[in-house]
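Peer 1: I'd like to go over a predicted model; first the sequence, then the structure.
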Amino acid sequence: MQVSSQGVTVVALLADPDAPTEVAQRMARTLSARLADKAGQGRRFDVEVVSEPFTSGTEDPPTLMRRIMNRGSAEDWDVVVALTDLPLHSHGRRLAVDLNHEHGLALLSLPSLGGLRLQTRARRAVEEAVLGLTGPHTGGAEGPRRSQPLPEPFAKRPAPVQRDRTEKETDDLRYVVSGPRGYLRVLAGMVRANRPWRLVPGLSKALAAALATGAVATVNSTVWSLAASLSTPRLVIAAVGSVAVMIGWLIIDAELWHRSADSSPEARQRARLYNASTVATVGIGVLVCYVGLMVINWVWALFILNDQVFASMTRTPLRAEEYLTLAWFVASVATVGGALGSGLESDEAIRAAAYSKREQERRRKLQNDHDD
């Protein structure tokens, strides 16, 4: 890799649309100054952000590296760092970063950074990748060439993997995440990329049904009696059961469960990871809805209930504990009503609420391939 003749190293952040582009744009505000400060020796960097779906139609790392290589050769870029929110796999292992020192290329899978402090971890990973690609490095026949110490986000858990002979032209150093902690890290990153909190406004019809159910149940004397008679373990069982019903209904009704047409171990591993992220994403979204319903029902009960009427029907005085118990039980009933109301939502609306744009495109392509 060579530096531009003007003495400025041009760094391109090639990012998939949606979350990766947002990460790249925030990073680019300070990346030039941070790189210059860390590189020293009066070096200067110019950072550009390019948003385009370079992962469209494939999850194969060598294919993606060739695309990045072709894209970079058409521009006046010295280093290209590609960011994607898709989890990438190679030979059954979860890929974190792919590096090609000769052409100044790096491919970073954001889910490998985990679900917390993504912006900070991504910035550090990009900084170390750029400094490693632009700095001197050595290599030999024994293994992949190395530059700089291992990037901090990859220094503890992932391990460098020796390049495969069939991929010499696309990379010379690779980091992967492995083991149970690595699996959980990637899973957390996938769930974060899906942004489960978007599920709440995305299920407007289901929420309307849940709110209507809760409003009616709160003023129903039979519900008062049931809530007053239920013990805490039964309330917990009702809550868990209603949330599970909602999660299962959404996944089944919108066909969110991933079924791989490929029977290879690697394909089955990917399918398990995708399905785990789906359950976690939908589960978090439903839990947020449940807590929201509980708060709304509690506020509604404060305004609407009469302590004398409640006491005459349940033979229990209306105290703070009764308000909380009633709101808790009504939230469970309302969640089941919301599950039924979610049947009015289109499958596309549910997928749009549950998945990132790249994940939606990936699943749409798989469905089209299956139909063909």
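Peer 2: Ah, there it is.

Peer 1: CA atoms for contacts and neighbours, from now on please.
Peer 2: Noted.

Peer 1: distance check, the spatially most central residue of the chain against Val288.
Peer 2: Geometric centre of the chain, nearest residue: Ala193, 2.3 Å, by CA atoms, centre = their mean. Counting by CA to CA, to the nearest Å, the gap from Ala193 to Val288 is 17 Å.

Peer 1: what is the mean pLDDT for stretch 91-107?
Peer 2: Averaging pLDDT along stretch 91-107 gives 86.

Peer 1: how about the helix or strand hosting the residue nearest to the centre of the chain: buried residues?
Peer 2: Using DSSP states H and E, Ala193 maps to helix 179-194. Residues 182-194 are the ones in helix 179-194 that count as buried (16 or more other CA atoms under 10 Å).

Peer 1: of all these, which comes closest to Ala228?
Peer 2: Nearest to Ala228 among the buried residues of helix 179-194 is Val191, at 37.4 Å by CA to CA.

Peer 1: mind pulling up the pLDDT for that closest one?
Peer 2: Confidence score, pLDDT, at Val191: 88.

Peer 1: spit out the contact partners of it.
Peer 2: Val191 is in contact with Gly115, Ser277, Thr278, Ala280, Thr281, counting by CA atoms under 8 Å, 6 or more residues apart in numbering.

Peer 1: any idea how far the last one is from Asp78?
Peer 2: Same thing as Thr281. The value you get for Thr281 to Asp78, if CA to CA is used, is 38 Å.

Peer 1: more neighbours, the two?
Peer 2: Higher neighbour count among Thr281 and Asp78: Thr281, with 27 against 24, using other CA atoms under 10 Å.

Peer 1: for my notes, confirm the more buried one occurs in a helix.
Peer 2: Yes: when the secondary structure is assigned by DSSP: H, G, I helix; E, B strand; the rest coil, Thr281 falls within a helix.

Peer 1: residues in contact with it?
Peer 2: Contacts of Thr281 by CA under 8 Å, 6+ apart are Val191, Asn194, Arg195, Pro196, Ala354.

Peer 1: ok, and the closest non-adjacent residue to Val176?
Peer 2: Among residues not flanking Val176 along the chain, Leu95 sits closest, at 4.3 Å (CA to CA, 6 or more residues apart in numbering).

Peer 1: next up, the contacts around the one you found.
Peer 2: Contacts of Leu95 (CA under 8 Å, 6+ apart): Pro87, Leu88, His89, Ser109, Ser112, Arg174, Tyr175, Val176, Val177.

Peer 1: lovely, talk soon.
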